[in-house]
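Visitor: mind folding the following:
(one chain, ligands or ions: 1)
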Amino acid sequence: MTNNKAWHKKAQELHQEGWSYRAIGRELGKDESVVRRYLNKVRAEIEIFGEALDKPVESLWDDFSFGGGVGKQKKPSSPRVLFLDIETAPIDGYVWDLWNNNVSLDQIEKDWYILSWAAKWLGEEDVFYEDKSDTWDNEDDLMLLGGIWTLMNEADIIVTQNGIKFDEKKLNARFIINGFPPPSSYRSVDTLQIAKKHFGFTSNKLEYMTSKLCKKYKKLTHGKYPGFKLWKQCLLGNQEAWTEMYEYNVHDVLALEELYLILRPWYKSHPNFNVYTDSEETVCACGNKEFEHSGYHYTNLGKYDKFKCTECFAETRGSVNLLPKSKRATLHRNIM
Ligand SMILES: [Zn+2]
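Guide: The predicted structure follows:
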């Protein structure tokens, strides 16, 4: 592992004294972007663990305790909704052909691992980010897992783009391989699944959907290192490429949040936020408390009030069947 301890400590001191990233970089002979990324990582660690974990992996492992999920133990006023996005290293192996490869396990030289992750809570400004830019020369991602595990453990709902198939499963694989217990259970909302279920977009990729729907955070295309070049350069320790990875990863999480908020009123299977609170006042997922009666919802055996949120226009229905018992007794059911 690259030993960065000396400049890390000094950078933290200067940062506390109010020095700018640029000035710290000049003083310590580091690029401004490297300083900014490092200090952001420290900020994330302090936020998550209460201290900067700037120490070797082994001692981190001894110190790490699996807290019971602080967020879930408190009486929440609303569910904790976490947005997350990971980037992984490719599997490095030998292939015989460009097409139709069947790679056997003994052709694998280096297995994949987590390169970086970014996450944020719904409605909060901070974006947490950690990566392997300091330890790009090995495959050990243990140092990155504690932070994201802790956030997931506190989350009631996790929002991702394709995370049900990819991010959540990849993280679980790294968690179990590294001896972590499962994070506390959560519900998953996947914008890719929302897109597939309710829309016929030309593409369901984050890049396409954000370019068409988002106003603030459209997906960034890789600037200097397009496509696989970015991964290749990161794996070679190119710190400029790592800065691009950071910008790309953090931006994706912000774009994901904006996209989620745009898609949410259309999503018929969205978790009901009201069950997470003790309050008996009905609040829309968007935070609005005003609803218009919008007619009735009918099932084969019932009639229910329908309500439209006056802010986001999401429609919900009441849970009381308005048909009297005598009427219900006359209804015939389908035979399945
Ligand atoms: Zn609403």
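Visitor: where does Gly179 sit: helix, strand or coil?
Guide: Recorded secondary structure, Gly179: coil (DSSP: H, G, I helix; E, B strand; the rest coil).
Visitor: that one: neighbour count?
Guide: Counted with other C-beta atoms under 10 Å, the neighbours of Gly179 add up to 9. Quick note: C-beta positions are derived from backbone N, CA and C, even for glycine.
Visitor: same check on Asn102?
Guide: 8.
Visitor: a strand runs through it, doesn't it?
Guide: No. Under three-state DSSP, Asn102 sits outside any strand and is assigned coil.
Visitor: what is the residue most central in space within the chain paired to in the beta sheet?
Guide: Central residue of the chain (C-alpha atoms, centre = their mean): Leu84, 0.7 Å from the mean position. On the basis of DSSP bridges, Leu84 is bridged to Ala119.
Visitor: also the one 4 residues further on?
Guide: Note on Thr88: beta-bridge partners Ile114, judged by DSSP bridges.
Visitor: how close does it get to Trp231?
Guide: Per C-beta to C-beta, to the nearest Å, Thr88 is found 9 Å from Trp231.
Visitor: residues shared between the contacts of these two?
Guide: In terms of C-beta atoms under 8 Å, 6 or more residues apart in numbering, Thr88 and Trp231 are both contacted by the residues Leu115.
Visitor: would you confirm that Leu14 contacts Glu27?
Guide: Yes. Checked against C-beta atoms under 8 Å, the pair Leu14 and Glu27 is within contact range at 6.6 Å.
Visitor: looking at those two, which is more packed in?
Guide: Remark: of Leu14 and Glu27, Leu14 carries more neighbours, 19 against 14, as counted by other C-beta under 10 Å.
Visitor: so where does the closest residue to that one other than its chain neighbours fall, helix or strand?
Guide: Of all residues not flanking Leu14 in the chain, Ile24 sits nearest, at 4.7 Å (C-beta to C-beta, 6 or more residues apart in numbering). Using DSSP states H and E, Ile24 falls within helix 21-28.
Visitor: show me what that helix is packed up against.
Guide: Counting by 3 or more C-beta pairs under 8 Å, 6 or more residues apart in numbering; DSSP states H and E, the packing neighbours recorded for helix 21-28 are helix 5-16, helix 32-49.
Visitor: with only the CA atoms kept, save that helix in PDB.
Guide: Taking Å, rounded to 0.1, in the frame of the first residue of the first chain, the C-alpha atoms of helix 21-28 are listed here in PDB:
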ATOM      1  CA  TYR A  21      -7.500  22.800  -1.500                       C
ATOM      2  CA  ARG A  22      -5.300  24.600  -4.000                       C
ATOM      3  CA  ALA A  23      -3.100  26.200  -1.200                       C
ATOM      4  CA  ILE A  24      -2.800  22.800   0.600                       C
ATOM      5  CA  GLY A  25      -1.800  21.100  -2.700                       C
ATOM      6  CA  ARG A  26       0.900  23.700  -3.400                       C
ATOM      7  CA  GLU A  27       2.300  23.400   0.100                       C
ATOM      8  CA  LEU A  28       2.400  19.600   0.000                       C
END
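Visitor: what's next to that helix, contact-wise?
Guide: Around helix 21-28, the neighbours that count as contacts under C-beta under 8 Å, 6+ apart are 7, 10-11, 14-15, 19, 30-32, 34-36, 39.
Visitor: please compute how far that helix lies from its chain's middle.
Guide: Distance of helix 21-28 from its chain centroid, counting by C-alpha atoms, centre = their mean, to the nearest Å, is 31 Å.
Visitor: that helix relative to helix 5-16, how many degrees between them?
Guide: Put simply, helix 21-28 runs at 140 degrees to helix 5-16, going by axes from the mean of the first three to the mean of the last three C-alpha atoms, to 10 degrees.
Visitor: could you shift the numbering so residue one becomes 10, and keep it that way?
Guide: Okay, residue one is now 10; in that scheme the one you just asked about reads as helix 30-37.
Visitor: so which bits of helix 30-37 are buried?
Guide: 30, 33-34 (16 or more other C-beta atoms under 10 Å).
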